[in-house]
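*Asks:* Using only what follows, build the 3D model:
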Amino acid sequence: MKKTGIVRDGRYLKHDPGAYHPESPRRLDVLYSMIDQELKGKYVQVDPILAEEEALLWIHDRSYINMVASTAGKEYTPLDPDTSTSPGSYEAALLAAGGLCKAVSMVMEGELDNAFAVVRPPGHHAERARAMGFCLFNNVAIGARYAQKSLGAKKVLIADWDLHHGNGTQHSFEDDSTVLYFSTHQYPYYPGSGSLREVGTGEAKGYTVNVPLSVGNGDVEYVGIFEKILKPIAREYRPDLIMVSAGFDIYANDPLGGMNVTATGFAAMTRCLLDVAEEVCNGRVVATLEGGYNMQGLRECGKAVLEEMMNLRQTDPTEVVQKGNQSRLLDVVAQVVKVQGEYWKNLVS
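*Replies:* Next comes the predicted model:
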């Protein structure tokens, strides 16, 4: 077994964006219940800390941080059409970013092999000065910068398999070659960014890798993309840490999505990342929860990812890819190679 840390805390449930909102506290109730029932005694509990203002300022403007802070204790504050706060939201957001940073620290320092921050609110849509898409602070971006500025990481790879493109994460690093952002996402769809030719700017061209996908893609396509595109790039890039924006809204029955990934697909994508991390960065992988709005999907797929991280299962990604028709996969790979092949010599269609 691997020593896997799980960040969890009851205060994350105090962020309540309102009745009937898909990003509800129940998402964590389901995951925490699964962890207690299925994984008891198999992980290391990581108690979160509040994110320091300095860490938030690496990614967000001070005026924006102050605005979010001003919502603390207030009954309801709308921040954008999809995103609002409740009395406990600001604390939950600080604990989400801070808890992820603590997990990053424990993995970087060898106390843990890998970790999963099972936190909310999610983060990858949050821009420098704007809440978006259920997100307040950009947890994964803050965690990546924390690894660099506080723990000596030179390069960080962020893999984002959420249904939606992580616009905030891309914008945080699109001019910075020390953080490589890799995203698979339904396109065109909210938030509208993430086209194939968004590759980064200036000297950081090629360090943003977008894989936009039409509806209906499943295990074969997603796992194949990780095997045929992400793995070669990661081997060439050789990050010191791999972070994951783990959204479960690509699950086959998610109410907000149109993809067909199963628990096996999630396990195989996780195994791809763990395998390449063993090659390039001593196995250091830290994931954080993003989307996912089907409760059964959260339970099944969250368990699959955690069991893979703990080494309780060993899914073979190649086997998963070979079980289905690969024509859609090969088309996608060819399109990505046509654009990204200019920057990554290991990529072949």
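*Asks:* Restricting to C-alpha, output the longest helix seen in the chain in PDB.
*Replies:* Longest helix of the chain, by residue count under DSSP state H: helix 89-108. Output in PDB follows, covering the C-alpha atoms of helix 89-108 (Å, rounded to 0.1, in the frame of the first residue of the first chain):
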ATOM      1  CA  SER A  89     -18.000  30.200   2.700                       C
ATOM      2  CA  TYR A  90     -14.900  32.300   3.200                       C
ATOM      3  CA  GLU A  91     -13.600  30.100   6.000                       C
ATOM      4  CA  ALA A  92     -14.300  27.000   3.800                       C
ATOM      5  CA  ALA A  93     -12.500  28.600   0.900                       C
ATOM      6  CA  LEU A  94      -9.400  29.400   3.000                       C
ATOM      7  CA  LEU A  95      -9.400  25.800   4.300                       C
ATOM      8  CA  ALA A  96      -9.700  24.400   0.800                       C
ATOM      9  CA  ALA A  97      -6.700  26.300  -0.400                       C
ATOM     10  CA  GLY A  98      -4.800  25.800   2.900                       C
ATOM     11  CA  GLY A  99      -5.700  22.100   3.100                       C
ATOM     12  CA  LEU A 100      -4.400  21.500  -0.400                       C
ATOM     13  CA  CYS A 101      -1.100  23.400   0.400                       C
ATOM     14  CA  LYS A 102      -0.700  21.200   3.500                       C
ATOM     15  CA  ALA A 103      -1.100  18.100   1.500                       C
ATOM     16  CA  VAL A 104       1.400  19.400  -1.100                       C
ATOM     17  CA  SER A 105       3.900  20.100   1.700                       C
ATOM     18  CA  MET A 106       3.500  16.600   3.200                       C
ATOM     19  CA  VAL A 107       4.000  14.900  -0.200                       C
ATOM     20  CA  MET A 108       6.900  17.100  -1.200                       C
END
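*Asks:* Just list what the helix or strand that that helix is followed by packs against, helices and strands only.
*Replies:* Later in the chain than helix 89-108, the nearest helix or strand by DSSP states H and E is strand 114-117. The helices and strands touching strand 114-117, judged by 3 or more Cβ pairs under 8 Å, 6 or more residues apart in numbering; DSSP states H and E, are strand 4-7, helix 89-108, strand 285-289, helix 295-310. In this view, the C-beta of every residue, glycine as well, is placed from N, C-alpha and C.
*Asks:* Pull the residues that contact the shortest one.
*Replies:* Taking contacts as Cβ atoms under 8 Å, 6 or more residues apart in numbering, the residues outside strand 4-7 that touch it are 35, 39, 42-48, 99-100, 102-103, 106-107, 111-119, 306, 309-310.
*Asks:* The same query, at a cut-off of 7 Å, please.
*Replies:* Contact with strand 4-7 is made by 35, 43-46, 48, 99-100, 102-103, 106, 112-119, 306, 309-310, as judged by Cβ atoms under 7 Å, 6 or more residues apart in numbering.
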